[in-house]
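> Sharing a model prediction with you, sequence too.
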Amino acid sequence: MAGLNHVNLFSMSVIRQVKNQHLLWRAGFGPSVNDLSQTYNASPEAYFKALARASSKDPVYIKIADNIMDGLVKGIKEVGRLENLSKEEKKELGQKSREEIRNLNLEWIEEMVHSEQQLREKMSLFWHGHFACRNLNVVFQQELLHIIRKNALGNFGDMLREVSKSAAMLAFLNNQQNKKEHPNENFAREVMELFTMGRGNYSEEDIKEAARAFTGWGFNLKGEFVFRKFQHDNGIKKILGKSGNFDGDDILSILLEQKQTAKFITRKIYKYYVNENVVDENIVNSLADKFYQSNYDISSLLKNIFTSDWFYNNKNIGSKIKSPIELIVGIRRILPVTFEQPEAQLLVQRVLGQILFYPPNVAGWPGGKNWIDSSTLMFRLRIPQLLANADEFAVRPKEMPDDMLENYQMKQQNNSKVVDKRIQSQMVNATIDWSGVIKQFSAISRENLLGEIALTLLQSASSAINKNILEKYIDNTSKETYIKTAVVQLMCTPDYQLC
């Protein structure tokens, strides 16, 4: 019978191991190699409590700007105005800042891979896309990242206010140019459309009036929020049925008073954590009501999601396409990797279409099926082999911002043959520590080994791995080589793209 040639991963009931792996992939970036044995025993409820407890302390500030960058920034403060810098000084500042943003990218990846605060870092990745911001000032970017990571599990209203007053966001959305004589609507529009209520729940007049309220909001060269009262419109504004001499803080309060804000945020979080394809509106409405009543307590919302029975329904397990960052970090958590040149991860991000700190637009990354096309899928399937075999790959990456591409190419010139801006050939020199994986599966009998490895790595409820085909590509020289090659081959399947 054909069915005997397959390793069937799911029975009618979802076993505890799969539930815990589902929780770890959604609440974090998947199990680490050290977590694997615990997934067999702990209850999902206990696991979530442990995740929440590990993420309860404040995160460490990721400070990338080095002494050179700090000196340049200090010099700007002392000179007083950027315009007074020479052309060479401006160029040096820009190039150094772009390089440091790439370092910030790689440093945050390391936090995602190694930090015990998986719940916080995964939620921070969500907010990084929600509050999408592209800014070439690394000092501003690292401060915005800290605001997001610090508030990721706290109060949404507090985070909204801090993000809205950050130099990175005010600059990105042009509110530095929002003055009473010439109101700029960009900031007000995105705060309403993308950060709080969602499109269609306000009028164009509401945007115009909110823009007037945000006049005078800006920042100084240190990146500190500044309210320039002489640029603020002190007239009466009418927004969402309320009238008054509102300022920006008043507008944010009015937006938080709208139940639609709670529903918009909740629905987006539901799609991120639960199911991006099928949204149960009754569940979303119930979660949104509780979120609103809790005064936007993010941790309470997550607890209501991850401790519910419906979260572990089969239809929600293995239903999500891993984002590029989830894929990269998830692989590295199972396979501890040391890169000879960590910058290779930047090119991988670019090929797959998600570069941290470089969202495609103000709406962030669309996610879902947008992550997959013919070129990205084939490259995704090759990543485990690239890491395991230190292979060279020639790629035609997705468009990369010129400001990031310029220095990246310069940095790779000794290790990467750049044919043009579209095609690059790059070696991924990496060393994998296999000891934890081998220890995990060494006691399992030979006949059950492939099934156990597949159960650990794959989350798709529809997975039926053809054992005969896989065995052709697995090295059976020894149990150790069998485990290594089985892990790589399973990670190269389309099923591993789902969580």
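Perfect, I can see it now. Numbering: from 1, shown residues only.
> domain assignment for this structure?
Domain assignment for the chain, taken from automatic domain parsing, gives 2-55+434-497, 67-257, 337-432.
> Just put the ones you listed in JSON lines and tack on distance to K290.
The C-beta positions use only the backbone N, C-alpha and C, and glycine is treated the same way. Written out in JSON lines, the entries for the domains of the chain read as follows (distance: least, CB to CB, whole Å):
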{"stretch": "domain 2-55+434-497", "distance to K290": "17"}
{"stretch": "domain 67-257", "distance to K290": "13"}
{"stretch": "domain 337-432", "distance to K290": "25"}
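> element containing the spatially most central residue of the chain, please.
Within the chain, one residue has its C-alpha closest to the average C-alpha position: by CA atoms, centre = their mean, that is L125, at 2.9 Å. The secondary structure element spanning L125 is helix 118-130 (assigned by DSSP states H and E).
> related to what we said a few turns ago, and the domains of the chain: which comes nearest N295?
Of all the domains of the chain, domain 67-257 sits nearest to N295, with 6.9 Å by CB to CB.
> So for that closest one, mean pLDDT?
Domain 67-257 comes out with an average pLDDT of 92.
> Report the secondary structure state of K439.
For K439, the secondary-structure state derived from DSSP: H, G, I helix; E, B strand; the rest coil is helix.
> Now do the strands in the chain.
Across the chain, reading from the start of the chain, the strands by DSSP state E fall at 6-8, 217-219, 225-227, 237-239, 242-244, 337-339, 392-395, 416-418, 424-427, 430-432, 464-466.
> From G244, how far off is G235?
Counting by CB to CB, to the nearest Å, the gap between G235 and G244 amounts to 10 Å.
> nope, Y273 is what I meant
Summarising the geometry, the distance separating Y273 from G244, computed by CB to CB, is 37 Å.
> now F441
Computed as CB to CB, the F441 to G244 distance reads 65 Å.
> Neighbour count: the two, which is higher?
In this comparison of F441 against G244, neighbours counted by other CB atoms under 10 Å, the higher total goes to F441 at 20 against 12.
> quick one, what contacts that one?
For F441, the residues meeting the contact criterion (CB atoms under 8 Å, 6 or more residues apart in numbering) are 449, 452-453, 483.
> mind running it again at 10 Å?
Counting by CB atoms under 10 Å, 6 or more residues apart in numbering, F441 makes contact with 36, 448-450, 452-453, 456, 479-480, 482-483, 486-487.
> same thing with D289?
Per CB under 10 Å, 6+ apart, neighbours of D289: 259, 262-263, 266.
> For stretch 339-358, measure first residue to last.
As for stretch 339-358, its first-to-last residue distance stands at 23 Å under the measure CA to CA, to the nearest Å.
> give me the number of residues near R212?
For R212, the tally of surrounding residues (other CB under 10 Å) stands at 23.
> Could I get the phi/psi values of the closest residue to it other than its chain neighbours?
The spatial neighbour of R212 that comes closest, neighbours along the chain excluded (CB to CB, 6 or more residues apart in numbering), is D233 at 4.4 Å. Backbone torsions of D233, given as degrees, to the nearest 10, read phi -80, psi 110.
> Report how many residues lie close to D233.
For D233, the neighbour count with other CB under 10 Å is 21.
> And for V351?
Taking other CB under 10 Å as the criterion, the count of residues near V351 is 23.
> and if you look at S286?
The burial metric for S286, expressed as a neighbour count using other CB under 10 Å, is 14.
> Perfect, that will be all.
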